[in-house]
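**Student:** Predicted model and sequence follow; I will ask about them next.
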Amino acid sequence: MKIQLNGVERIRAEKAVVYGFITDPNQVGQCLPDLQELTVQDQHHMVAIVSIGIGPIRGTFKMEAAISPADGEGLALKLKGSGMGNGLAMESRMSLVAVTDGTELHWSAEASVSGPLAGVGGRLLEGQARKTTEQLFMNIRKALETGSQAAG
């Protein structure tokens with residue numbers, strides 16, 4: 001089953017600060033919803049253990065993530081995960097736009113799910129995927145704004 005998502009997160013921080021944050025696996029990794037464990041392998045790769053709960057299916061997923069530059073100033077985040085007999089692959093693109101009071105983080109994501117999770121039902125699965133993805137970008141915004149306020 002394939003799911004497509006997109007959105008914009010407005011962040012009260014300078015574009016260079018946002019870029020530095022989202023290209024740092026340790027910082028962006030800490031923003032993953034329901035994070036249990038994070039291992040940063042190098043400046044572009046991390047492995048995260050996250051809790052998953054969709055309908056009757058609950059457990060943990062091991063997610064391997066790679067952050068890389070794409071399309072000039074943009075970024076790509078690729079995730080591959082597995083757990084409980086399920087598979088997940090997601091590719092997300094991010095671009096930053098400087099605005100008067102900070103930065104807009106434009107994002108899009110396409111995810112593919114296999115296994116019992118794919119059978120949960122389109123609306124339930126898509127709703128949970130949207131909620132989790134939006135939570136990730138909201139966590140990034142909160143971390144950046146808290147950090148920039150503490151420093152300023």
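**Tutor:** Yes, it's here. Numbering: from 1, shown residues only.
**Student:** Quick check: which ranges of this structure have low pLDDT?
**Tutor:** Residues of the chain that meet the criterion pLDDT under 70 lie in 71-73, 121-122, 148-152.
**Student:** separation between the residue nearest the centre of it and Gly7?
**Tutor:** For the chain, the residue nearest the mean C-alpha position is Leu136 (4.9 Å; CA atoms, centre = their mean). Computed with CB to CB, to the nearest Å, the distance linking Leu136 and Gly7 is 10 Å. Using the backbone N, CA and C atoms, a C-beta is placed for each residue, glycine as well.
**Student:** Packing partners of the longest helix seen in the chain?
**Tutor:** What stands out as the longest helix in the chain, according to DSSP state H, is helix 122-151. Applying 3 or more CB pairs under 8 Å, 6 or more residues apart in numbering; DSSP states H and E, one finds that helix 122-151 contacts strand 2-11, helix 15-22, strand 45-54, strand 102-114.
**Student:** Enumerate the positions of that helix that are buried.
**Tutor:** 125-126, 128-129, 132-133, 136-137, 139-141, 143-144, 148 (16 or more other CB atoms under 10 Å).
**Student:** between it and strand 102-114, how many degrees?
**Tutor:** 150 degrees (axes from the mean of the first three to the mean of the last three CA atoms, to 10 degrees).
**Student:** between helix 122-151 and helix 15-22, how many degrees?
**Tutor:** Using the same axes, to 10 degrees: helix 122-151 against helix 15-22 is 120 degrees.
**Student:** how far does helix 122-151 sit from the chain's center?
**Tutor:** 8 Å (CA atoms, centre = their mean, to the nearest Å).
**Student:** With stretch 61-74 instead?
**Tutor:** 9 Å.
**Student:** and if you look at stretch 107-119?
**Tutor:** That offset, for stretch 107-119, works out to 14 Å (CA atoms, centre = their mean).
**Student:** which other residues reach it?
**Tutor:** 1-9, 52, 54, 57, 84-95, 125, 129, 133, 137 (CB atoms under 8 Å, 6 or more residues apart in numbering).
**Student:** Just the buried subset of these, written out for ChimeraX, thanks.
**Tutor:** In ChimeraX, a selection of the buried entries from those looks like this (16+ other CB under 10 Å):
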select :3,5,9,52,54,57,86,88,90,91,92,93,94,95,125,129,133,137
